[in-house]
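**Student:** Pasting the sequence and the predicted model now:
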Amino acid sequence: MAAQALYLKYRPQTFEDVVAQEPITHTLRNALRQNKIRHAYLFTGPRGTGKTTTARLLAKAVNCQAPEEERPCNACHICVAINEGRLLDLIEIDAASNRGIDEIRDIREKVAFRPNEGRFKVYVLDEAHMLTEPAFNALLKTLEEPPPHVIFALVTTDPHKIPATIASRCQRFDFKRLPLQAIVDHLATIAEQEGVTVEPAALELIARQGTGAMRDAISLLDQLTSYGDEITLAQVQMVLGTVASEEAGKLVACLATGDLADGLDLINRVVSDGADPRQFGREVIEYLRGLLLIREGAGVRLLNVTAEQAAEMEALAERTSVDLLLRAIRLFNAAATDLRRGLQTIPQLPLEMALVESVLGSTPHESRPASTETPVRQQEPAPVAPPKPRTEARRVAEQPAPAPAEGRPDVYGAAGEGAPAPEAQAEVPAGEEAEKPAGTGPAPIAPSTPGVLSLAGVEASWHRVLQAVRQRNPTAEGALRSGCAPVEVNGSELVVTFPYPFLRDKLGDPQRKTEIVEALNEVLGTKCRLKLVLASEYTPGPQENASLQVSAAPEADAAPLVNTSSPLDGSPAGNEEPANDSQVPGEISRWAEQHGAQAKLVD
């Protein structure tokens, strides 16, 4: 005969045995004393918290033959029959497999019959939320006008799936997750009765693994008792596939210092040693959460760690910024979600991506590493406007300044701010144009004009775009902060480069790409399309060179590129003073080379 599982062997037999659910058990005991038993109850809460057990205790208590204060007594023949599972008046139905209208009709036909031995017939519908809509409708009539000898107990982990017409006819009791210390104490009691020695640290790890569910924790202890009569922390970690908390601390330290090489090596070493990537990800998240609590002044009182671990976490929290902790928690939490789906061919890949994105995201957008080789327009030197002959300057000065073409990318901004005024060009001689201070640049880029898509406007509003993306998908926002940048606008299409190939999987997802486009449309006020290009494969489009067109003058009266009245060697022409024009063609040549064009002097 197979041995009985520990969670069945130590199932509570009285209301006092139910752990950490005192508000519910106290209410039910008072109802028994006052004879205020109702016809329908709804027990909700997470798995393993005592819902079905309490329903069975209620069935025993209402049928127990002992005095009211002693119910259930576990001594009368009714209690003994329920404990042995042979009382006909207790009907337990798995609603997950008996969810149709035919099963509920069968119940409706049998509820009219009186109990066989006890005073009440008790129907326990486990996983009641799995019933179909016709089944709920068939059950509703019975709950509206129940026979006086019938009690229904609906047990569910998803109360929101119970129709309001059903829930409103039941007394609802919400079971909570059990506290960690309550689980540890109960596990210690079971281990003592089983004659097993368990280290306190091992008991705590088992209780944490139960995540507030007593049944899960007891089942894990039952598994470990087969390992031997003495259970250590190392054994529990080996069975669970976990690693010591020191490994999570080492990874967070690599994250704080930006040491990607050691961090990636640590992740691969831990997974290669047999650790579960999901469990390791949870431990990293828990460690990051602890640092965040310490960093924000909560201290270590909310953490269950030793004095040595607390000192290490406090020292690490002092040199880690809150922004980095928040970003890392968000990214590793997303990685843990990806790991739960189990769709990765490389188990540790989500953890590696989370580490890289967390570190790269700490670099300001303006100071990304040079290795990314991402072309950024705002870092390029501003072009110097070629001087005009005096006769042409006078003619231009008498005409109004032309408005920039709508929708055309403009190096001086979306609205043309910072462009040299024609009047200023008319007053400055050609030779004096080169004497402007070298640090004088264009005016600050204006924000994006609603309805007009321009690269300058996108760059000026890029931080707002990232905030809008974060509201929709924090993972996509973290990927965009990993060295991605807008580099080109072609009509309604925005080209964004990304530095690393592994970001292609993140940004190329159709759902995330749609969210990024929605954020762009919201911030920029115009409809646009998004094109993602690897930085090493990006080549500027034709529009990148459209702002500089250098060629020979087709007509004699066209304005030359450089005023030839002042020779480049600095020698005077006629009675005019020599003009230092060497700076002008040099800057134009460099600017043209950076944009794929070629500057040519015209005589």
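**Tutor:** Yep, that arrived. Keep in mind the model is a prediction, meaning the values are calculated, not measured.
**Student:** Low-confidence ranges, the protein, go.
**Tutor:** Applying pLDDT under 70 to the chain picks out residues 1-2, 241-245, 300-302, 304-306, 342-344, 362-451, 541-603.
**Student:** care to break it down by domain?
**Tutor:** For the chain, automatic domain parsing gives the domain ranges 6-174, 180-240, 245-360, 372-399+407-433+445-566+579-603.
**Student:** what ranges do the strands span in the stretch 401-550 of the chain?
**Tutor:** Residue ranges of the strands in the stretch 401-550 of the chain, as given by DSSP state E, counting those that start in this stretch, are 485-490, 493-498, 529-534.
**Student:** Any chance of a markdown table for the domains of the chain, columns mean neighbour count?
**Tutor:** All C-beta spots, glycine's among them, are computed from the backbone N, C-alpha and C. Listed next are the domains of the chain as a markdown table, based on neighbours: other Cβ atoms under 10 Å:
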| stretch | mean neighbour count |
| --- | --- |
| domain 6-174 | 17 |
| domain 180-240 | 18 |
| domain 245-360 | 18 |
| domain 372-399+407-433+445-566+579-603 | 17 |
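**Student:** before we move on, back to that, for the strands of the stretch 401-550 of the chain, which one sits closest to residue 540?
**Tutor:** Taking Cβ to Cβ, strand 485-490 is the member of the strands of the stretch 401-550 of the chain nearest to residue 540, at 6.4 Å.
**Student:** now for that closest one, which elements pack on it?
**Tutor:** Using 3 or more Cβ pairs under 8 Å, 6 or more residues apart in numbering; DSSP states H and E as the contact test, the elements touching strand 485-490 are helix 455-460, strand 493-498.
**Student:** Residue 294 is nearest to which of these?
**Tutor:** Closest among the helices and strands packed on strand 485-490, using Cβ to Cβ: strand 493-498, at 34.3 Å.
**Student:** quick one: that closest one to chain centroid distance?
**Tutor:** 24 Å (Cα atoms, centre = their mean, to the nearest Å).
**Student:** Any chance you could list what contacts that strand?
**Tutor:** 374-375, 453, 458, 479-480, 482-489, 504, 507, 520, 528-535, 538, 541 (Cβ atoms under 8 Å, 6 or more residues apart in numbering).
**Student:** go on, stretch 73-91?
**Tutor:** Outside stretch 73-91, the residues that reach it (Cβ under 8 Å, 6+ apart) are 13-14, 56, 59-60, 63-66, 72, 115-118, 120-124.
**Student:** Okay, and which of those residues map to strands?
**Tutor:** 121, 122, 123, 124 (DSSP state E).
**Student:** With distance to residue 211 as extra columns, can I get these in a markdown table?
**Tutor:** Conversion of those to a markdown table gives the following (distance: Cβ to Cβ, whole Å):
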| residue | distance to residue 211 |
| --- | --- |
| 121 | 36 |
| 122 | 30 |
| 123 | 30 |
| 124 | 25 |
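**Student:** Pick out whichever of those residues sits closest to residue 287.
**Tutor:** Once Cβ to Cβ is applied, the member of the ones in strands among the contacts of stretch 73-91 that ends up nearest residue 287 is residue 124, at 41.9 Å.
**Student:** pretty sure that closest one is in contact with residue 54, am I right?
**Tutor:** No: counting by Cβ atoms under 8 Å, residue 124 does not reach residue 54; the two are 10.1 Å apart.
**Student:** those strands in the stretch 51-200 of the chain, which residues are they?
**Tutor:** Assigned by DSSP E, counting those that start in this stretch, the strands in the stretch 51-200 of the chain fall at 90-94, 121-126, 150-156, 171-174, 197-198.
**Student:** what angle sits between the second one and strand 90-94?
**Tutor:** For the pair strand 121-126 and strand 90-94, the angle between their directions (axes from the mean of the first three to the mean of the last three Cα atoms, to 10 degrees) equals 20 degrees.
**Student:** Which strands or helices does strand 121-126 pack on?
**Tutor:** Using 3+ Cβ pairs under 8 Å, 6+ apart: strand 121-126 touches helix 51-63, strand 90-94, strand 150-156.
**Student:** Now tell me what touches that strand from outside.
**Tutor:** Contacts for strand 121-126 (Cβ under 8 Å, 6+ apart): 52, 55-56, 58-59, 62-63, 89-96, 107, 111, 113-115, 131, 149-155.
**Student:** Let's see that strand as PDB, backbone CA atoms only.
**Tutor:** The C-alpha coordinates for strand 121-126 follow below in PDB (Å, rounded to 0.1, in the frame of the first residue of the first chain):
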ATOM      1  CA  LYS A 121     -26.600  17.300   3.100                       C
ATOM      2  CA  VAL A 122     -23.400  19.300   2.200                       C
ATOM      3  CA  TYR A 123     -22.400  19.700  -1.500                       C
ATOM      4  CA  VAL A 124     -18.900  20.900  -2.000                       C
ATOM      5  CA  LEU A 125     -18.300  22.200  -5.500                       C
ATOM      6  CA  ASP A 126     -14.500  22.400  -6.000                       C
END
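**Student:** Partner strands of that strand and their direction?
**Tutor:** strand 90-94 (parallel), strand 150-156 (parallel) (DSSP bridges).
**Student:** Please save the CA atoms from the shortest one in PDB.
**Tutor:** Looking back up the chat, that one is strand 90-94. Output in PDB follows, covering the C-alpha atoms of strand 90-94 (Å, rounded to 0.1, in the frame of the first residue of the first chain):
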ATOM      1  CA  LEU A  90     -21.000  14.900   2.100                       C
ATOM      2  CA  ILE A  91     -20.900  15.100  -1.700                       C
ATOM      3  CA  GLU A  92     -17.700  16.500  -3.100                       C
ATOM      4  CA  ILE A  93     -17.900  17.400  -6.800                       C
ATOM      5  CA  ASP A  94     -15.000  18.400  -9.000                       C
END
